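# Got a predicted structure plus its sequence, pasted below:
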2 protein chains.
Amino acid sequence: MLRIASTPLARKLGAFVALSEAELSVLDKLHQRRRSIKAGRDLVHQGQPDRAAYILASGWVCSYKILPNGSRQIVDFQIPGDFLGLRSILLHISDHSIEPITNVEVSEVLSTDLLDAFSENPRLATAILWAASRDEAMVVEHLVNIGRRSAIERVAHFLLELSARLALVGMGSKTGFSWPLTQYHLADALGLSSVHVNRVLRQLREDGLVHVREGFVKFMNYDGLVELAEFDATYLEHKGPMLK
Amino acid sequence: MLRIASTPLARKLGAFVALSEAELSVLDKLHQRRRSIKAGRDLVHQGQPDRAAYILASGWVCSYKILPNGSRQIVDFQIPGDFLGLRSILLHISDHSIEPITNVEVSEVLSTDLLDAFSENPRLATAILWAASRDEAMVVEHLVNIGRRSAIERVAHFLLELSARLALVGMGSKTGFSWPLTQYHLADALGLSSVHVNRVLRQLREDGLVHVREGFVKFMNYDGLVELAEFDATYLEHKGPMLK
DNA sequence: CGCGTCGTTGAATCGCTTCAATACGCGTGG
DNA sequence: CCACGCGTATTGAAGCGATTCAACGACGCG
């Protein structure tokens, strides 16, 4: 018996394994401890012990590291349906900070609750571990992106990846998506200066590939962008039945 | 009842949680399916389905991605005691390639064996998940390294991290360690050209910080190197009792 | 002995950063 | 209601860090 997924997480997991009524209600139960956080206030601070994880219900956050010299590297952006700080449960310390970019709603998940849900629902456990593995694969691809691609390829690749992720939770398509990021966010994520990000965005616009402005990204030539970025979404996909 | 750890994996896990006799023997059992692979032959190839993981028993490997334009980004090096391809078990596809740098010995671990071991030994499961989380934290730090540090800082940071990891399995100390990597490996890992790696190594040598040659790395001024790299090993450490 | 891999070094070039200045929208308080 | 400040976007000019191209030496191995 299937019903409509009531949370972005359910929707995301549902995209690769059909969830039963029982599994959906377990997912709902994880969303009990609701908290709202204002944009700008760090949710988690680098180096602090942290025993809880969060599920992002609405809004955008980014996880980042600050270097002693003051520069910042954004490791990843999280969108609704994503987990925050799953890793710090195990390491018992957060190795990064998490900043809400917009006002956000999160559900606090105690490690015990999560482990209970896992032991009662092995399929759910696999689904969530799959999501965690996918997140890790994205960090790896991010690493490749920064290490071996030119600035314009990086930006193009980043926009395409984000678009694919948003599509999975119904927040975007090949025509575009709305977002809260600034050019400074892009710069910190891609290891570039904001000045250069600006120039690159101009070129992408002049080349008729994509139009990026505050609040919205509009793809003018999706396939052209894929070609430029050599974008290969294998690491995001999940062909075939993951669970039999 | 404790005994001497018989494998690098047991040694590594034992460094953060005391393992019982029973747990050690389960670990031993995971090492049954032994395989030897010659240097250079890819162990796993990008894009291929892959249902097994491996534990590296001896030798060095690197996991990397090749871009369509031919350039290569090394994501991580694995040393004895490390897992290979844990992620591809869940994603059912390998998003990267694995190349043995030296001749290596691996133990093939079927996903079913691993899951059985997990359900019988929750402490062991936690220990291995801890190791996986630490690996992920290293990839994140690698990302920060490439995104926001200068070439000389990158190289310094990389050497220090590797040194800390090797120390954990008894293969290195603050005086130095032996390794099989070439300057080309460094270049591909750090997002630099091999020519520039060479220049940077020369400068590190002339500054009396570290002497890197084929086969061996010798720290001349460990603390100076730590300062240069702004090296903070929190993400590698595990203070306090992880498991009560 | 010849060839391949690895390391080394110089010179020219370029992609990106840095510094600096301007513009625009928006909220806030005088 | 407008002046002001702040965050964001934009653009030019100068400079530098890293790449690229090219050549050569050292070493090990078949």
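Great, that's in hand.
# Return the distance of the helix or strand harbouring A:Lys218 from the chain's centre.
Assigned by DSSP states H and E, A:Lys218 belongs to strand A:216-219. The gap between the average C-alpha position of strand A:216-219 and the chain average comes to 18 Å, counting by Cα atoms, centre = their mean, to the nearest Å.
# any bit of the helix or strand following that strand sitting next to chain B?
Next helix or strand after strand A:216-219 toward the C-terminus (DSSP H and E): helix A:222-229. No: if you take Cβ under 8 Å from any Cβ of the partner chain as the test, helix A:222-229 misses chain B, and the best it gets is 10.0 Å. (C-beta placed from N, C-alpha, C; glycine too.)
# Next: stretch A:153-160.
No: Stretch A:153-160 does not reach chain B (Cβ under 8 Å from any Cβ); its nearest approach is 9.0 Å.
# in that stretch, what's buried?
A:153-160 (16 or more other Cβ atoms under 10 Å in any protein chain shown).
# and it, does that touch DNA strand D?
No: residues of stretch A:153-160 are not located near DNA strand D by Cβ under 7 Å from any atom of the strand, the shortest gap being 12.0 Å.
# where does chain A have low pLDDT?
A:1-5, A:238-244 (pLDDT under 70).
# As TSV, the buried residues of stretch A:153-160 with distance to A:Glu237 and secondary structure would be great.
Shown next, in TSV, are the buried residues of stretch A:153-160 (distance: Cβ to Cβ, whole Å; DSSP: H, G, I helix; E, B strand; the rest coil):
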residue	distance to A:Glu237	secondary structure
A:Glu153	21	helix
A:Arg154	21	helix
A:Val155	22	helix
A:Ala156	19	helix
A:His157	16	helix
A:Phe158	18	helix
A:Leu159	18	helix
A:Leu160	13	helix
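# quick check, nearest of those to chain B?
Of all those, chain B sits closest to A:Glu153, with 9.0 Å by Cβ to the nearest Cβ.
# how near is the closest one to A:Asp188?
According to Cβ to Cβ, to the nearest Å, A:Glu153 and A:Asp188 sit 18 Å apart.
# what sits against A:Val140?
A:235, B:65, B:75, B:95-96, B:139 (Cβ atoms under 8 Å, 6 or more residues apart in numbering or on different chains).
# and DNA strand D, which of the residues you listed contact it?
Applying Cβ under 7 Å from any atom of the strand to the contacts of A:Val140, none is adjacent to DNA strand D.
# What residues does whatever residue of chain A ends up closest to DNA strand C make contact with?
Using Cβ to the nearest atom of the strand, the single residue of chain A nearest to DNA strand C is A:His196, 3.0 Å away. Listed by Cβ under 8 Å, 6+ apart, the contact set of A:His196 reads A:151, A:187.
# what distance separates the longest helix seen in chain A from the middle of the whole chain?
The helix spanning the most residues in chain A, taking DSSP state H as the definition, is helix A:122-148. Put simply, helix A:122-148 sits 10 Å off its chain's centre (Cα atoms, centre = their mean).
# Sort out which residues of it are buried, please.
Under 16+ other Cβ under 10 Å, the buried positions of helix A:122-148 are A:123-124, A:126-148.
# Run through the residues that contact A:Ile79.
A:8, A:56, A:60, A:165-166, A:169, A:171.
# hmm, try it at 7 Å
A:56, A:60, A:165-166, A:169, A:171 (Cβ atoms under 7 Å, 6 or more residues apart in numbering or on different chains).
# same question, A:Trp60
A:Trp60 neighbours (Cβ under 7 Å, 6+ apart): A:77, A:79, A:101-102, A:180.
# at contact distance from DNA strand C, anything in stretch A:145-159?
Yes: part of stretch A:145-159 sits near DNA strand C under the criterion Cβ under 7 Å from any atom of the strand, namely A:150-152.
# Return a selection command, for use in ChimeraX, containing the buried ones of the residues you listed.
Of those, the buried ones go into a single ChimeraX selection, burial set by 16+ other Cβ under 10 Å:
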select /A:151,152
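# now, which of the residues of stretch A:145-159 next to DNA strand C sits nearest DNA strand D?
The closest of these, once distances to DNA strand D are taken by Cβ to the nearest atom of the strand, is A:Ser150, at 9.1 Å.
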